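Student: next comes the sequence, and after it the predicted model I'd like to discuss.
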Amino acid sequence: MAAWLWPTVRSISWAPLAGVSACLLAVTLVTDNWNAGLVGIAAAAVAGAQVAGLHDPAAALLSALPTSAAVRRARRLALLVPVALGVWLATVDGSLLGLLALTVVGVAVSVHAGVPAGVAVPLLWAIFAWSAGFEWDLR
Amino acid sequence: MIETTALTKAFGRTRAVDEVTLSTGRGVIGLLGPNGAGKTTLLRMAATVLAPDAGELRLLGLDPSRAGERVEIRRRLGYLPQSPGLYPGFTPYDMVDYVAVLKEHTDRAWRRQEARRVLEAVELTDVMHKKIRSLSGGMRQRVALACAMVGDPDLLVLDEPANGLDPDQRLRLRSLLSTSSTVLMSTHNISEVSALCQRVYVMFDGRIRFTGTPADLAGLAVGRVWEDDRQDPDAIRSWLTSTGTYRHLGHPPSGAQVVDPTLDDGYLLLARKEHT
């Protein structure tokens, strides 16, 4: 096993993804009907939770190490994305494309503007789409 | 070890570091200056964390603007930022071990030995298996310092390393740093500078305004410090000392009891000159 794997797993804040997963599970238990609006909100929440997992409280301390921030971020994503996909496939009746698109945008924003902004973008997009009655069928 | 030529870094319209030129050899180098003088920005560039906008920077004889050389510098560098975050769920041992992993040390036995060595150096072996969330602020600072020391780096860049340390730990830090190869450290604690540093740089408004030894800095105030029972309105600075007398900086009046200057006096005089 690669030496970075277990400490990286432990350094990730899994709480956002766990919270979103619990919510999706609860929704699955309540309804069988994943309509377009619900799928959109679920995609935004899962994307946001993945980006939230990129938050690294020790980033400043680790910033001058040979293993760059980009590599550390990629490792975190390599751990977060499969879990998020598993949760998605197990709970939501919808296409993966919307989730992946929102995740990519959230990650890109987080790289340049910080993790809070990266989390906010998919959530704001979902709120915008919902409030504007935007036809956003990700099923 | 660290060479800069007209090094410049701006944030918006503010030039945080403004055409700084310096060259340091081995030893402990202190960086003094008020808040916002540009010390942290200069240290972040010296730690390869921040790229300069203009000027030249060479660290350990290498150019950090080249990706390959930057990685090589980072292998030989230890960096303690001003606000070093840690993982609360990790133990000090886990944290140091993780830093060693990210420093590309693959040998587990070596990492174990190194983690023990650096944690022993900062006197944290008794709590090395306790969660960081349960440690005091001073202990966390020492964990971060231990992380910076992994691999016995050729160059240590430390931003306010004595933050949160008690007097005993400060003394320990002094003896630790005095055995290190090259240390560039910022501090507000002038006694640290006089006890540790072979060379001092003083920054104001992004520029280096003084370079010399601590004795040179104190020497700026020779003949400019006097003590009296009363406050002197003509003095540049006056303050009440613990002995109940006033210490004054400026041009002493005739008959004044001129005293030997300290490093604080030299720094305060320099700071005053900068703002007049």
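Tutor: It's in.
Student: every contact and neighbour count from this point should use C-alpha atoms.
Tutor: Noted.
Student: over to the residue in chain A that chain B sits nearest to: give its phi and psi.
Tutor: Nearest residue of chain A to chain B: residue A:58, at 4.3 Å (CA to the nearest CA). Torsion angles at residue A:58 (phi, psi; degrees, to the nearest 10) stand at phi -100, psi 20.
Student: chain neighbours aside, what residue packs nearest to it?
Tutor: Using CA to CA, 6 or more residues apart in numbering or on different chains and skipping residues adjacent in sequence, the residue nearest residue A:58 is residue B:85, 4.3 Å away.
Student: can you confirm the one you found is in a helix?
Tutor: No. When DSSP: H, G, I helix; E, B strand; the rest coil is applied, residue B:85 is found to be coil, with no helix at that position.
Student: for it, give me the pLDDT.
Tutor: Model confidence at residue B:85, given as pLDDT, is 93.
Student: what about it, how many neighbours?
Tutor: By the other CA atoms under 10 Å in any protein chain shown criterion, the neighbourhood of residue B:85 contains 17 residues.
Student: so it versus residue B:5, what's the distance?
Tutor: Residue B:85 is 31 Å from residue B:5, where distance means CA to CA, to the nearest Å.
Student: just residue B:128 next, same as before
Tutor: Relative to residue B:5, residue B:128 is positioned 42 Å away (CA to CA).
Student: got a list of what the residue of the stretch 151-276 of chain B found nearest chain A touches?
Tutor: For the stretch 151-276 of chain B, the residue closest to chain A is residue B:157, as judged by CA to the nearest CA, at 9.9 Å. Residues in contact with residue B:157 (CA atoms under 8 Å, 6 or more residues apart in numbering or on different chains) are B:43, B:46-47, B:77-80, B:183-185.
Student: what does the longest helix seen in chain A contact?
Tutor: With secondary structure taken from DSSP state H, chain A has its longest helix at helix A:69-91. Residues from elsewhere that reach helix A:69-91, judged by CA under 8 Å, 6+ apart: A:8-9, A:12, A:17, A:21, A:24-25, A:28, A:46, A:50, A:53-54, A:59, A:62-63.
Student: go again using 6 Å as the cut-off
Tutor: Applying CA atoms under 6 Å, 6 or more residues apart in numbering or on different chains, helix A:69-91 has no contact partners.
Student: model confidence over that helix, on average?
Tutor: 95.
Student: ok, now stretch B:47-63?
Tutor: For stretch B:47-63, mean pLDDT rounds to 96.
Student: likewise stretch A:5-13?
Tutor: Rounded mean pLDDT across stretch A:5-13 is 96.
Student: which of the residues in it are buried?
Tutor: The neighbour-count check on stretch A:5-13 (16 or more other CA atoms under 10 Å in any protein chain shown) flags A:7, A:11-13 as buried.
Student: find the closest residue to chain A in the stretch 1-150 of chain B.
Tutor: The stretch 1-150 of chain B approaches chain A most closely through residue B:85 (4.3 Å), counting by CA to the nearest CA.
Student: so that residue sits right up against residue A:57, yeah?
Tutor: Yes. With contact defined as CA atoms under 6 Å, residue B:85 counts as touching residue A:57 (5.1 Å).
Student: look at residue B:112 and say how many residues are nearby.
Tutor: Residues lying near residue B:112 (other CA under 10 Å) number 15.
Student: show me where the chain has helices.
Tutor: Let's take chain A. Going by DSSP H, chain A shows helices at A:5-11, A:15-30, A:36-52, A:69-91, A:96-113, A:115-131.
Student: think we crossed wires, I meant chain B
Tutor: Secondary structure of chain B by DSSP H: the helices cover B:39-46, B:67-75, B:92-102, B:108-121, B:137-148, B:167-178, B:190-196, B:214-219, B:263-274.
Student: dump the ones you listed to JSON lines, plus distance to residue A:37.
Tutor: Compiled in JSON lines, these are given as follows (distance: least, CA to CA, whole Å):
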{"stretch": "helix B:39-46", "distance to residue A:37": "46"}
{"stretch": "helix B:67-75", "distance to residue A:37": "46"}
{"stretch": "helix B:92-102", "distance to residue A:37": "42"}
{"stretch": "helix B:108-121", "distance to residue A:37": "50"}
{"stretch": "helix B:137-148", "distance to residue A:37": "46"}
{"stretch": "helix B:167-178", "distance to residue A:37": "58"}
{"stretch": "helix B:190-196", "distance to residue A:37": "61"}
{"stretch": "helix B:214-219", "distance to residue A:37": "68"}
{"stretch": "helix B:263-274", "distance to residue A:37": "62"}
